[in-house]
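Undergrad: make a model of this:
(2 chains)
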Amino acid sequence: MTMVNININGQKVSAPAGSTILQAAKKAGIDIPTLCDHPALIPVGACRICVVEVKGQRTLITACTFPIAEGLEIQTESPQVVKARKLILDLLFSERNHYCPYCEMSGDCELQNLGYRYGLDHFIYPTYTKGFPIDATRKYFLMDHNRCVLCGRCERACGDLVANHTLGLRNRGANSMIHADANVPFGQSTCVSCGSCLQVCPTGALCDKRSAYMGHDIQMEHIKSTCNQCSVGCGMEIVTRGGNVLKIVGDWDAAVNSGLLCKNGRFDPLYDERQRVTMPLLRRRGKLEPASWEEALQAVAERVGKANAKDLGVLASTYATNEALYLLAKLFRKELKATNVGLLNDVAPKLSDKQGSLADIALGDVILVVGCDPLKDQPVASFFVKRSVDRGARLIVVDGKDNGLAPFAYMNLEMADIGKAIEIAQRAGNPVVVYGAGVTDKAATALKKLQGKASFVAIEPGVNTRAAAALGLNNGFKPSAVKVLYVLLGEQKMGAEDVSKNVDKKAFVIAQASFVSPLTERADVVLPMAIWSEREGSLTNTEGSVQKVNKAVEPAGEAKPDWEVISLLADKLGKKLGASLDEISARATQELK
Amino acid sequence: MAKVKVATDWLAGCAGCHMSLLDIDERIVKLLELVEITSSPVTDLKHPPKEGVTVGILEGAICNTHNIEVAKQMRERCQILIAVGDCATFGGIPAMRNLCGTEEALKRAYLDAETVVGGLIPDSPELGKPLEMVTGVGEVVKVDLFIPGCPPRADAFWYALTELLAGRVPIVLPPELFTYD
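TA: Numbering: from 1, shown residues only, chains lettered A, B, ... in the order given. The predicted model follows:
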């Protein structure tokens, strides 16, 4: 890496060639204020608050866009610079409604902080009269145009990061407005409600409806964790106050998603209105009644312990942690010798010895999406695909016309015509195959032709599917043979896949579940389980990276983390499988290697 | 040494800033050894003395013609004018009216409110006439020091007054006291 030597405020600084003045200064610990710039976005130099004085330059220049060159002499807080920044702030505050006291963001607003920094204590320009509408047509967050400073961060996040291109700027100067599509209400636009714009907005223009007016950031706690909604495994921060989860934000430092989240991960878990199971339930004289953990576990241990291995059935949801799945496999497969063990979702087939990573999608010139619908099921992965399409990659969707990515594809094919896609991929320089469990056996055989040529990126359905499959929990489940059934259901929704319907009515069913569902109502014992925000452990994403999940709040009622429930059951059965979470984690990680 | 004369008044405000001034607690005893509070909502004297005061303090926004009169009289009769609180500096809460317009705001409050029976918009000649636009005090008179905050911290008052008594005029308050949230 070539280093370039510059001088900032009399201090010698050296930074890699190609850095901007802002990046070089940041590296040297010199603070230059910014507003429209964001580390995750491409700089545009729109707001001009980062102007600095560069010796030999005719005017002040924007630090966020200006590349450094050998010998540059820069002043970041000279009287001329400070005067210019004050003027820019006075102008920014002179348009629209920037009265801080009744703004949701007051206290956490980047514009307000700049006002403090440069001593803005009154408006010097005449009071602005024009009012703008507030658009609250989206379910999760609203747009108050009166608070907008037209920095364009939201537009760039929507375009450059999410590749959705819903947001745009219309008109010029003081009449500029952020709008969706061809100026339609946000709720009716092509917006996918991923909330990336909300996360980058520096002012109160974009406002989360659920966590609004619930306090300043300084009063909240940010707990880093991993999203538990699909197999991508995005890094996130759970934001809590007083033991309540207020919101979820993307973790900019996370390797997988670099700060992006989707609607399924950012908002849906907070709007889950299903009724929780808060205490152990035990069927007595045909009726499910509250019981103590001791009684419930005793009842389970008695039935499970006495059952023949061939009568035992185990079903696992992939919403569970590595630790829980490891203990489940260990207890039922190894110790109790059960073979009738299955998962509540499918598993993507193995098409190549060398597994590609999600980052490979960014490098592909031809991208095949086969037998999966990331736009619907793993939206963050679909952002990666759409970003590549923006870059010029050709997208071929082999999954029928209803696939969410079909409108972005250069070619849409049925599974039977996969040969055509493979032909194109063979001619490409860097083909990438993004595939899921929907790949047919025939298509899988055909795709093997691309081995060694293409990068194969498996997108598993479910969440922790990769770990569950690796632990041998996808062994094929036959409902008819079951006399005692243990279901690790967790947070999974019971729907069409409700296999318990096909289980003998006389079978003894144990449900380890977080929410009340048809399964828990039919069960003989219900063991209450903590949800994503209430437990510690780890998850394996679709690429095979083991990532930590952390507890942000206390479990509801008497619910316990998934792994602990199985650990307690193992104790009751006299099987010692590991004492502490750390010990179990270490063993699970070892097994998954 | 003669005591320094101070006058205070409120315009379109809520009295919160005056409460915050009183919130300097026991330090008020020390302050009163050095200053004389002339006209003020606290002393209930309505006009600053004709011979003038050294420091004038105004709370609240300019939202009607009466506010302008009060602000102008204070400006004429004081040497150093301080605008305190978000209303006096930026327009604050009363400036929310600007988002819908004065006429609409009066209509909503006096005619359309759910509890109104036979509503009437007050227009007595004794009352100030509402202005089209609510603004900070700085828009109608020259202000020497702005202390924003809703309300400004008691320590901000104490800091500004002690600085003035020491013969210094602060331009902007130190960061820990400078806030408008």
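
Undergrad: can you tell me how far the residue nearest to A:R266 when sequence neighbours are not counted is from chain B?
TA: Nearest residue to A:R266, sequence neighbours excluded (C-beta to C-beta, 6 or more residues apart in numbering or on different chains): A:G195, at 4.6 Å. Backbone N, C-alpha and C define where each C-beta goes, glycine included. For A:G195, the distance to chain B (C-beta to the nearest C-beta, to the nearest Å) stands at 24 Å.

Undergrad: ok, now A:K354?
TA: In this view, A:K354 and chain B are 54 Å apart by C-beta to the nearest C-beta.

Undergrad: contacting residues for that residue?
TA: Counting by C-beta atoms under 8 Å, 6 or more residues apart in numbering or on different chains, A:K354 touches A:F456.

Undergrad: of all residues in chain B, which one is nearest the centre?
TA: With distances taken as C-alpha atoms, centre = their mean, the residue of chain B nearest its centroid is B:E59 (1.2 Å).

Undergrad: next helix or strand past the helix or strand containing A:I422?
TA: Assessed by DSSP states H and E, A:I422 sits inside helix A:418-427. Once the chain leaves helix A:418-427, the next helix or strand it forms, by DSSP H and E, is strand A:431-435.

Undergrad: how far out from the middle of the chain is stretch A:537-557?
TA: For stretch A:537-557, the separation from the chain centroid amounts to 12 Å (computed by C-alpha atoms, centre = their mean, to the nearest Å).

Undergrad: for chain B, what lies in contact range of chain A?
TA: Where chain B comes near chain A, counting by C-beta under 8 Å from any C-beta of the partner chain, the residues are B:83, B:86, B:89-93, B:95-96, B:98-100, B:133-136, B:138-139, B:143, B:146-148, B:150, B:171-173, B:175, B:178-181.

Undergrad: there's contact between A:Y213 and A:M105 in this structure, I believe.
TA: No - applying C-beta atoms under 8 Å, one finds A:Y213 not in contact with A:M105, separated by 10.3 Å.

Undergrad: what segments of the stretch 51-200 of chain A are helices?
TA: A:79-94, A:110-117, A:153-156, A:196-200 (DSSP state H, counting those that start in this stretch).

Undergrad: sorry, back to before: which ones among the residues of chain B next to chain A map onto strands?
TA: Residues of those located in strands (DSSP state E): B:83, B:133-135, B:146-147.

Undergrad: pick the one among those closest to chain A.
TA: Nearest to chain A, judged by C-beta to the nearest C-beta, of those is B:F146 at 3.8 Å.

Undergrad: my guess is that closest one contacts B:G138, does it?
TA: Yes - the pair B:F146 / B:G138 is scored as a contact, 7.0 Å apart, by C-beta under 8 Å.

Undergrad: which neighbours do the two share?
TA: Residues touching both B:F146 and B:G138 (C-beta under 8 Å, 6+ apart) are A:122, B:83, B:89.

Undergrad: highest neighbour count among these?
TA: Within the shared contacts of B:F146 and B:G138, neighbour counts (other C-beta atoms under 10 Å in any protein chain shown) peak at B:A83, which reaches 29 neighbours.

Undergrad: give the contact list for residue 144.
TA: No chain was given, so I picked chain A. A:D144 makes contacts with A:132, A:134, A:204-207, as judged by C-beta under 8 Å, 6+ apart.

Undergrad: let's do chain B instead
TA: With contact taken as C-beta under 8 Å, 6+ apart, B:D144 is in contact with B:80-82, B:169.

Undergrad: which of these count as buried?
TA: Buried members of the contacts of B:D144, counted by 16 or more other C-beta atoms under 10 Å in any protein chain shown: B:80-82.

Undergrad: which one of these is nearest to chain A?
TA: Nearest member of these to chain A, counting by C-beta to the nearest C-beta, is B:I82, at 11.1 Å.

Undergrad: okay, that closest one and A:A28: tell me how far apart.
TA: For B:I82, the distance to A:A28 equals 40 Å [C-beta to C-beta, to the nearest Å].

Undergrad: swap in A:A381?
TA: 37 Å.

Undergrad: for chain B, give me the ranges with low pLDDT.
TA: B:1 (pLDDT under 70).

Undergrad: what ranges does it have for its strands?
TA: In chain B, the strands defined using DSSP E lie at B:4-10, B:35-37, B:53-59, B:62-64, B:78-84, B:130-135, B:145-147.

Undergrad: now distance to A:D360 too, for the ones you listed, in JSON lines please.
TA: What follows is these, written out as JSON lines (distance: least, C-beta to C-beta, whole Å):
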{"stretch": "strand B:4-10", "distance to A:D360": "66"}
{"stretch": "strand B:35-37", "distance to A:D360": "73"}
{"stretch": "strand B:53-59", "distance to A:D360": "63"}
{"stretch": "strand B:62-64", "distance to A:D360": "62"}
{"stretch": "strand B:78-84", "distance to A:D360": "60"}
{"stretch": "strand B:130-135", "distance to A:D360": "58"}
{"stretch": "strand B:145-147", "distance to A:D360": "57"}
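
Undergrad: which ones are touching A:R394?
TA: A:R394 touches A:365-367, A:410-411, A:424, A:428, counting by C-beta under 8 Å, 6+ apart.

Undergrad: quick one: average confidence on the helix or strand encompassing A:E564?
TA: Using DSSP H and E, A:E564 falls within helix A:562-572. Average pLDDT, helix A:562-572: 95.

Undergrad: what's the nearest residue to residue 107 if we skip its chain neighbours?
TA: All of this refers to chain A. A:H216 (4.0 Å).

Undergrad: the chain in question should be chain B.
TA: B:I121 (7.3 Å).

Undergrad: same check, this time on A:V525
TA: Nearest residue to A:V525, sequence neighbours excluded (C-beta to C-beta, 6+ apart): A:I510, at 4.7 Å.

Undergrad: returning to that earlier point: who has more neighbours, B:F146 and B:G138?
TA: B:F146 (25 against 20).

Undergrad: contact partners for that one?
TA: B:F146 neighbours (C-beta under 8 Å, 6+ apart): A:121-122, B:82-83, B:88-89, B:138.

Undergrad: repeat that for A:Y125.
TA: A:90-91, A:93-94.

Undergrad: what's the answer for A:V51, then?
TA: A:60-63, A:81, A:84-85, A:88.

Undergrad: for the helices of the stretch 51-200 of chain A, give me JSON lines that also has mean neighbour count and mean pLDDT.
TA: Converted to JSON lines, these look like this (neighbours: other C-beta atoms under 10 Å in any protein chain shown; pLDDT from 0 to 100):
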{"stretch": "helix A:79-94", "mean neighbour count": "17", "mean pLDDT": "96"}
{"stretch": "helix A:110-117", "mean neighbour count": "20", "mean pLDDT": "96"}
{"stretch": "helix A:153-156", "mean neighbour count": "24", "mean pLDDT": "96"}
{"stretch": "helix A:196-200", "mean neighbour count": "25", "mean pLDDT": "97"}
